[in-house]
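Visitor: Would you be able to build a 3D model of this:
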Amino acid sequence: MKTALALGTFDGVHKGHRAVLNLPNEYKKIAVVFPLPPKAVISGNSLALMTPEDKCRVLKSIGIDRVYMLDFCKVRDMPPYDFLKFLKDTFSPEFISCGFNYRFGKNASGDTQMLSDFCKENAITLQICEPVTVGGETVSSTEIRTLLKNGETEKANCLMTEPFSYTAPVIKGDERGRTLGFPTANQKYPEVLMPVKFGVYKSSVFIDGKAYPAITDIGVRPTFKTDYIISETFIKDFSEDIYGREITVSLLGFIRGEKKFSSVDELVKQVKKDIGSV
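Guide: Numbers count the residues shown, from 1 in each chain. I've put the predicted structure just below:
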């Protein structure tokens, strides 16, 4: 079977990426991606919109047959022509798709003109996708990050294939929520992900493929502080023991910001109000 490649980082698998990922059906579809945004690897900052595992899952859910994860440290200093030769030798593609601003090779010195010349030399069909706009704004991972930092979760989700989500095991907490009548599924927020605006969200939790309505508090708990970002989720109409199990939390809408409460009674009153909004 003929092979088609989609090239990019595809962080967030947003509507702009979907144009690049729209490969011909008669080809085996392969996405050649970086697990994390190169800027995140270089800077050491948490910038990703999804974990590599969730990226792979979403890409396959939209029809990609294989996801090939590039090792950034191995290709970052590769001359751009060598990178293109690596793609040709590894995949023997007859069709390549990328975005208008795709860069590759050492110091990101390779561009779509070089890729175009290479494809012509090797009889490879090239598809270069122009920016996708929604409401007059160009869809980009950077724009989505800005929206999530500002708590504009619904707007961000409208630009992505799936709502902003994360998967992590449920950890043992101090069970304070249980004693207050609101047991929560606690997770360490994945370190590779960009921190969203701290606060309480309307959410959906996926356990064994079933979705449950929920509210999720993300932050460092100003009332009962932690030294890492924690996700605490109250799952409506659910009482199973899920300690140690991986669950996926999707953030659907921002309810309120993080707040330090002066008393436990004030906290309980607010949590009841939050639950009532779901």
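Visitor: CA only for contacts and neighbour counts going forward, please
Guide: Noted.
Visitor: Run through the strands of the protein in chain order.
Guide: Using DSSP state E, the strands of the chain run over 3-7, 28-33, 66-69, 95-99, 125-129, 133-134, 137-138, 165-169, 185-188, 199-207, 210-219, 230-235, 246-257.
Visitor: in its sheet, what does the fourth one sit against?
Guide: Spelled out, it's strand 95-99. Using DSSP bridges, strand 95-99 pairs in its sheet with strand 3-7 (parallel), strand 125-129 (parallel).
Visitor: Redo these as JSON lines? Include mean neighbour count.
Guide: JSON lines is the format used below for the strands paired with strand 95-99 (neighbours: other C-alpha atoms under 10 Å):
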{"stretch": "strand 3-7", "mean neighbour count": "24"}
{"stretch": "strand 125-129", "mean neighbour count": "18"}
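Visitor: Turn those into CSV, columns for mean pLDDT and distance to residue 210.
Guide: As requested, these are exported to CSV (pLDDT from 0 to 100; distance: least, C-alpha to C-alpha, whole Å):
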stretch, mean pLDDT, distance to residue 210
strand 3-7, 98, 31
strand 125-129, 97, 36
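Visitor: could I get those strands as JSON lines with distance to residue 108?
Guide: As requested, the strands paired with strand 95-99 are exported to JSON lines (distance: least, C-alpha to C-alpha, whole Å):
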{"stretch": "strand 3-7", "distance to residue 108": "14"}
{"stretch": "strand 125-129", "distance to residue 108": "17"}
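Visitor: one step back: how about the strands of the chain in CSV, adding distance to residue 80?
Guide: Converted to CSV, the strands of the chain look like this (distance: least, C-alpha to C-alpha, whole Å):
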stretch, distance to residue 80
strand 3-7, 14
strand 28-33, 15
strand 66-69, 18
strand 95-99, 15
strand 125-129, 17
strand 133-134, 29
strand 137-138, 27
strand 165-169, 34
strand 185-188, 38
strand 199-207, 42
strand 210-219, 41
strand 230-235, 41
strand 246-257, 38
